[in-house]
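Colleague: kindly return the folded structure for what I paste below:
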Amino acid sequence: MKSYLNFIFNAHLPFVRHPEYEKFLEEDWLYEAINESYIPLLRMMRKLHAEEVPFKLTFSISPTLACMLSDPLLKERFSAYMEKHIELGEKEVNRLQGREEERLARMYLKILNENYSFWRDECGTDLLKAMNQLNNECCIELITTSATHSYLPLYKNFEIATNAQIETSVINQISTFDRYNGGFWLPECGFYPGLEEILKRHNVSWTSLAAHAFALSPEKVLRGNYAPIQCPNGLYCFARDFNLSSLVWSAEEGYPADPDYREFYRDIGYDLPLDYISPYIHEPNVRVFTGFKYWAITGKTADKVLYNPEKAQAKTKLHAGNFLYNVSSRTRSVDGILDTNPCYTISFDAELFGHWWFEGIAWLENVIRLAAESKDIELTTASDFLTETDRIQKLTPGFSSWGSGGFSQVWNDHSTNAWLLRHCFKSVERMQELAVRFPAQTSLKKRFLSQAARETLLLMASDWPFMIHNHTTEEYALKRITGHIENLNLVYDNMSKNAVNTEWLVKAEKRNNIFPHIDYNIFNPEHLKEPSLVYTAEYQKL
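Modeller: Predicted coordinates for the structure are as follows:
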């Protein structure tokens with residue numbers, strides 16, 4: 001019996017762009033992810049492709065991330081970020097001369113220089129183009145997700161808002177990459193019965209769900225999570241394999257917790273004196289992670305063991321072998337019971353690899369190489385697997401997510417963030433009212449109303465309630481929520497007077513310049529009666 005591995009990586013960051021400041025703390029989220037996750041992943045995949053090692057992986061690139069990766073201002077700032085960290089690396093090599101940590105400082109400096117050279121010289125500062133090339137080579141399958149990674153079950157009663165999120169994302173996907181593969185990552189794997197109709201309207205062919213989505217179906221599940229299902233309307237769904245994913249995902253029991261791996265939280269940005277580290281952190285003396293980390297995971301103690309990269313690399317090979325052993329063991333256990341080859345859907349946030357788990361990319365490369373040598377294990381994508389099997393059951397998945405508790409508590413928690421929903425719902429209602437009252441506007445008013453649509457979509461992002469729930473960067477989330485509501489209300493008040501605040505509009509378009517193709521009429525209920533843009537000539541021109 002053959003095992004199929006369907007890896008899906010969700011690459012997403014909230015839209016953070018502040019041209020009004022010379023430097024902005026939260027923009028570092030993007031720069032860290034580019035340097036520590038996206039570039040190393042691309043370098044690893046290009047190396048495998050050059051060596052003709054076969055692999056197939058799926059990457060969901062969120063529209064917010066795609067817009068930031070292509071933004072000239074953020075590219076310029078990333079360049080400055082890299083040059084500053086290379087300067088820090090050179091400074092660290094000098095500081096640590098003769099000490100055991102010196103070789104680690106040299107290792108980080110080498111990685112920084114290689115990553116910067118790859119981004120600047122090999123990619124021409126265009127990571128999306130590099131991803132597109134691998135997509136065209138059929139090594140990876142690029143899919144999309146909702147426009148601002150909105151958690152869609154919250155908007156079950158607001159079809160116009162859910163449709164706007166999905167339609168905007170599909171348009172962004174076709175305008176960014178050469179091929180639209182029809183896959184769609186549901187943010188937080190959040191699904192509710194009925195959502196499949198909106199997805200299918202935009203020519204989405206398959207999506208990925210939480211592990212328990214099939215078990216909550218009113219129909220009896222025939223093949224568990226070992227095979228995809230098909231909704232009554234034709235949408236295919238793949239359920240995440242919780243046990244195999246947890247081997248990698250769990251910070252307590254998964255591979256990343258191994259004591260030979262590098263400690264993420266111990267960083268010189270917090271350890272070294274301010275007079276030394278201040279040029280490389282944020283004013284006024286706001287300490288941040290620099291990426292220079294010299295210690296291995298040693299438990300909850302300040303007395304850490306020095307990190308040994310050779311031991312860590314050797315452990316990635318052992319863990320890759322162990323992972324495939326677990327896959328084979330699972331397959332043997334269902335041989336003779338299952339009437340089809342099992343397909344294991346294993347999904348993660350892409351930023352786990354390289355950023356949170358420093359050795360994660362080496363682990364993934366080892367899994368790919370070992371699978372390529374195996375006769376019984378094959379990497380696949382959802383689209384390819386659907387051509388391999390005809391054993392697909394029709395059923396309707398249940399309401400579910402991969403969030404803590406399995407449902408919506410993280411994004412609708414009465415003790416932390418549930419208050420946000422009434423503001424989001426009211427904003428959607430106001431945006432819908434504007435689209436109905438002022439249909440088919442042109443020129444300045446169209447731009448004004450379309451900017452309001454951007455603000456509404458940004459308000460709906462899943463990131464803000466997530467931050468509030470977890471009490472991480474809560475103050476920034478609250479500022480963003482307040483700002484998007486105020487911006488929408490400004491447009492609403494001005495249009496109620498049949499006026500346009502031109503000065504505000506120009507500034508807002510420069511600041512929140514996301515989704516250049518957006519048309520505010522997507523919030524008009526009449527829009528739902530029209531054919532999806534996927535099937536129109538206008539869509540094909542994008």
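
Colleague: need the longest strand for the chain.
Modeller: In the chain, with assignment by DSSP state E, the single longest strand is strand 3-11.

Colleague: helix or strand right after it?
Modeller: Once strand 3-11 ends, the next helix or strand along the chain (criterion: DSSP states H and E) is helix 28-33.

Colleague: what is the neighbour count of residue 269?
Modeller: Residue neighbour count, defined by other C-beta atoms under 10 Å, stands at 18 for residue 269. Using the backbone N, CA and C atoms, a C-beta is placed for each residue, glycine as well.

Colleague: give me the three-state assignment for it.
Modeller: Classification of residue 269 using DSSP: H, G, I helix; E, B strand; the rest coil returns helix.

Colleague: which pLDDT value goes with it?
Modeller: With respect to pLDDT, residue 269 has a value of 97.

Colleague: ok, it touching residue 282?
Modeller: No - using C-beta atoms under 8 Å as the test, residue 269 is too far from residue 282 to be in contact (9.7 Å).

Colleague: so where's this protein shaky on pLDDT?
Modeller: By pLDDT under 70, the low-scoring segments of the chain are 533-542.

Colleague: which residues in it form strands?
Modeller: In the chain, the segments counted as strands under DSSP E are 3-11, 57-61, 140-145, 183-185, 206-209, 229-230, 236-239, 343-349, 377-379, 393-394.

Colleague: parallel or antiparallel, list what pairs with the fifth one.
Modeller: In this case it means strand 206-209. strand 183-185 (parallel), strand 236-239 (parallel) (DSSP bridges).

Colleague: so for residue 467, which of these sits nearest?
Modeller: Closest approach to residue 467 among those is made by strand 183-185 (20.1 Å; C-beta to C-beta).

Colleague: mind listing the shared neighbours of residue 269 and residue 282?
Modeller: Common contacts of residue 269 and residue 282 (C-beta atoms under 8 Å, 6 or more residues apart in numbering): residue 288.

Colleague: quick one on the thing from earlier: check the offset of the longest strand of the chain from the chain's centre.
Modeller: 14 Å (C-alpha atoms, centre = their mean, to the nearest Å).

Colleague: pull out the buried positions in it.
Modeller: By 16 or more other C-beta atoms under 10 Å, the buried positions in strand 3-11 come out as 3-11.

Colleague: check stretch 338-346 too.
Modeller: In stretch 338-346, counting by 16+ other C-beta under 10 Å, buried: 338, 340-346.

Colleague: again, but for stretch 130-150
Modeller: Buried, per 16+ other C-beta under 10 Å, within stretch 130-150: 130-135, 139-150.

Colleague: in this protein, what residue sits furthest out from the centroid?
Modeller: residue 98 (40.9 Å; C-alpha atoms, centre = their mean).

Colleague: domain-wise, how is the chain divided?
Modeller: 3-70+126-262+307-394, 419-541 (automatic domain parsing).

Colleague: ok so, going back, as a markdown table, the buried residues of strand 3-11 with distance to residue 273 would be great.
Modeller: Listed next are the buried residues of strand 3-11 as a markdown table, based on distance: C-beta to C-beta, whole Å:
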| residue | distance to residue 273 |
| --- | --- |
| 3 | 52 |
| 4 | 53 |
| 5 | 47 |
| 6 | 49 |
| 7 | 43 |
| 8 | 44 |
| 9 | 38 |
| 10 | 39 |
| 11 | 36 |
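
Colleague: what's the farthest-apart pair in the residues you listed?
Modeller: Applying C-beta to C-beta across those, the maximum distance is between 3 and 11, 25.3 Å.

Colleague: where exactly do the helices run in the stretch 201-350 of the chain?
Modeller: 242-249, 268-271, 274-277, 309-334 (DSSP state H, counting those that start in this stretch).

Colleague: dump those into a markdown table; add distance to residue 502 as well.
Modeller: Below are the helices of the stretch 201-350 of the chain laid out as a markdown table (distance: least, C-beta to C-beta, whole Å):
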| stretch | distance to residue 502 |
| --- | --- |
| helix 242-249 | 49 |
| helix 268-271 | 43 |
| helix 274-277 | 44 |
| helix 309-334 | 56 |
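
Colleague: closest to residue 503 out of the ones you listed?
Modeller: For these, the distance to residue 503 is smallest for helix 268-271, at 39.2 Å, taking C-beta to C-beta.

Colleague: on that earlier part again, redo the domains of the chain as JSON lines? Include distance to residue 289.
Modeller: Converted to JSON lines, those look like this (distance: least, C-beta to C-beta, whole Å):
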{"stretch": "domain 3-70+126-262+307-394", "distance to residue 289": "7"}
{"stretch": "domain 419-541", "distance to residue 289": "13"}
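
Colleague: among the ones you listed, which is nearest residue 276?
Modeller: Of all the domains of the chain, domain 3-70+126-262+307-394 comes closest under C-beta to C-beta, at 19.1 Å.

Colleague: for the domains of the chain, which one ends up most surrounded?
Modeller: Per residue and on average, the most neighbours among these fall to domain 3-70+126-262+307-394, with a mean of 19 (mean count of other C-beta atoms under 10 Å).

Colleague: ends of it, how far apart?
Modeller: 22 Å (C-alpha to C-alpha, to the nearest Å).

Colleague: same thing with stretch 228-237?
Modeller: So stretch 228-237: terminal residues 5 Å apart, C-alpha to C-alpha.

Colleague: any idea how far it is from the chain center?
Modeller: 24 Å.

Colleague: got the contact list for it?
Modeller: Counting by C-beta under 8 Å, 6+ apart, 191, 196-197, 199-200, 204-209, 213-214, 217, 221, 238-239, 343, 382, 385-386, 392-397 sit against stretch 228-237.

Colleague: residues touching the residue nearest to residue 194 when sequence neighbours are not counted, list them.
Modeller: Leaving aside its chain neighbours, residue 194 sits nearest to residue 156 (7.0 Å; criterion: C-beta to C-beta, 6 or more residues apart in numbering). By C-beta under 8 Å, 6+ apart, the residues touching residue 156 are 162, 192, 194-195.

Colleague: of these, which is the nearest to residue 483?
Modeller: residue 162 (23.1 Å).

Colleague: so what's the closest one closest to, chain neighbours aside?
Modeller: Using C-beta to C-beta, 6+ apart and skipping residues adjacent in sequence, the residue nearest residue 162 is residue 155, 4.9 Å away.

Colleague: so that neighbour sits right up against residue 459, yeah?
Modeller: No - look at residue 155 against residue 459 with C-beta under 8 Å: they stay out of range, at 11.7 Å.

Colleague: for the longest strand of the chain, packing partners?
Modeller: Contacts defined by 3 or more C-beta pairs under 8 Å, 6 or more residues apart in numbering; DSSP states H and E place strand 3-11 against strand 57-61, helix 309-334, strand 343-349, helix 360-373, strand 377-379, helix 382-388.
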